[in-house]
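# here are the coordinates; sequence isn't available:
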């Protein structure tokens with residue numbers, strides 16, 4: 001089985017993020033595999049171990065993205081591909097990413113493509129569905145269970161408090177939600193093996209693309225941190241008076257009524 005995982009490098013949101021002049025300060029910032037993509041990597045490894053085949057992880061980014069690819073290899077993926085756009089693209093969006101990946105998959109026979117449900121930096125959730133549409137492949141988002149029997153695929157899909165059960169067929173693209181599995185930590189032997197596993201580096205020229213082909217369709221106008229939370233207020237007195245005061249505050253101070 002040919003299994004591919006779409007992986008993205010994101011800021012570690014456990015670390016402090018600084019924004020200056022509408023730009024995120026990435027000097028000294030910590031980067032990690034997008035947490036939802038970790039579920040995709042883990043599921044890809046599990047499916048390969050059951051059905052055989054090979055797991056290839058792919059990312060679009062700069063040379064520093066090799067670190068996240070090596071982490072996925074240390075988890076147990078077989079191969080990695082870095083599509084380096086550092087010199088060719090100043091900025092991109094989900095359209096850009098999907099077009100680049102479409103070109104990458106043009107001559108590939110992919111049985112299963114996995115991605116994270118969303119990336120924690122932009123949270124658009126668009127790349128997986130966009131790519132599936134471009135490839136003409138069936139897709140299911142926010143999956144929490146995946147079972148493959150021959151060419152038949154049984155999926156449980158998260159429906160915000162409920163579960164949808166779907167039966168479909170390979171090939172398919174899925175996006176992975178929390179609860180699908182428990183991503184493993186790279187072991188020391190896995191880290192050592194990862195250093196010897198193949199990591200291919202491509203540029204958009206290698207995919208017969210130019211900048212006009214992948215020009216972003218959206219533009220970021222501004223980036224800013226959310227306002228700091230204000231201290232809470234405790235309303236005192238009789239319940240009726242508290243309700244009246246609460247309504248007054250929501251209407252006159254917060255302007256939400």
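Structure's in. What do you need? All of these numbers come straight from a predicted model, not from anything done at the bench. Numbers count the residues shown, from 1 in each chain.
# centre of the chain to the helix of greatest length in the chain, how far?
Secondary structure of the chain per DSSP state H: the longest helix is helix 35-51. Helix 35-51 sits 14 Å away from the centroid of its parent chain (Cα atoms, centre = their mean, to the nearest Å).
# host element of the residue lying closest to residue 112 once chain neighbours are set aside?
Nearest in space to residue 112, with sequence neighbours left out and distances taken as Cβ to Cβ, 6 or more residues apart in numbering, is residue 3 at 4.8 Å. Using the backbone N, CA and C atoms, a C-beta is placed for each residue, glycine as well. According to DSSP states H and E, residue 3 maps onto strand 2-6.
# now residue 168
Judged by DSSP H and E, residue 168 forms part of strand 163-169.
# what's the helix or strand following that strand in contact with?
Per DSSP H and E, the first helix or strand lying C-terminal to strand 163-169 is strand 172-176. Applying Cβ atoms under 8 Å, 6 or more residues apart in numbering, the set of residues contacting strand 172-176 from outside is 36-37, 39-40, 43, 112-118, 125, 128-129, 131-132, 135, 137-143, 146, 153, 155.
# can you name the element that comes right after the helix or strand bottoming out on mean pLDDT in the chain?
Using mean pLDDT, DSSP states H and E, the weakest-scoring helix or strand in the chain turns out to be strand 23-24, at a mean of 74. Next in sequence after strand 23-24, counting helices and strands by DSSP H and E, comes strand 31-33.
# name every strand pairing with that following strand and say which way it goes.
Paired strands of strand 31-33, with direction, are strand 9-11 (antiparallel) (DSSP bridges).
# who touches the following helix or strand past the partner strand?
Counting by DSSP H and E, the next helix or strand C-terminal to strand 9-11 is strand 19-20. For strand 19-20, the external contacting residues (Cβ under 8 Å, 6+ apart) are 25, 223, 224, 225.
# which one of the residues you listed is nearest residue 95?
residue 223 (19.3 Å; Cβ to Cβ).
# where's that closest one relative to residue 119, distance?
Separation of residue 223 from residue 119 (Cβ to Cβ, to the nearest Å): 15 Å.
# those two: which is more packed in?
residue 119 (23 against 12; other Cβ atoms under 10 Å).
# where does that one sit, in terms of helix or strand?
Using DSSP H and E, residue 119 sits in no helix or strand.
# my guess is it meets residue 34, correct?
Yes. Under the criterion of Cβ atoms under 8 Å, residue 119 makes contact with residue 34 at 4.8 Å.
# neighbours of the residue nearest to residue 177 when sequence neighbours are not counted, how many?
Spatial nearest neighbour of residue 177, chain neighbours left out: residue 142 (4.3 Å); criterion: Cβ to Cβ, 6+ apart. Each residue near residue 142 was counted by other Cβ under 10 Å, and the total is 22.
# for residue 142, what are its contacts?
Residue 142 touches 117, 157, 158, 159, 175, 176, 177, counting by Cβ under 8 Å, 6+ apart.
# over to the spatially closest residue to residue 237 that is not a sequence neighbour: give its phi and psi.
Closest residue to residue 237 apart from its sequence neighbours, by Cβ to Cβ, 6+ apart: residue 245 at 7.7 Å. When read as degrees, to the nearest 10, the backbone of residue 245 gives phi -70, psi -40.
# now the helices: where do they sit in the stretch 151-257 of the chain?
188-194, 239-248 (DSSP state H, counting those that start in this stretch).
# export those to a markdown table and tack on mean neighbour count, mean pLDDT and distance to residue 54?
Below are the helices of the stretch 151-257 of the chain laid out as a markdown table (neighbours: other Cβ atoms under 10 Å; pLDDT from 0 to 100; distance: least, Cβ to Cβ, whole Å):
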| stretch | mean neighbour count | mean pLDDT | distance to residue 54 |
| --- | --- | --- | --- |
| helix 188-194 | 13 | 94 | 15 |
| helix 239-248 | 11 | 91 | 59 |
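# and these as CSV, adding distance to residue 208?
Shown next, in CSV, are those (distance: least, Cβ to Cβ, whole Å):
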stretch, distance to residue 208
helix 188-194, 30
helix 239-248, 62
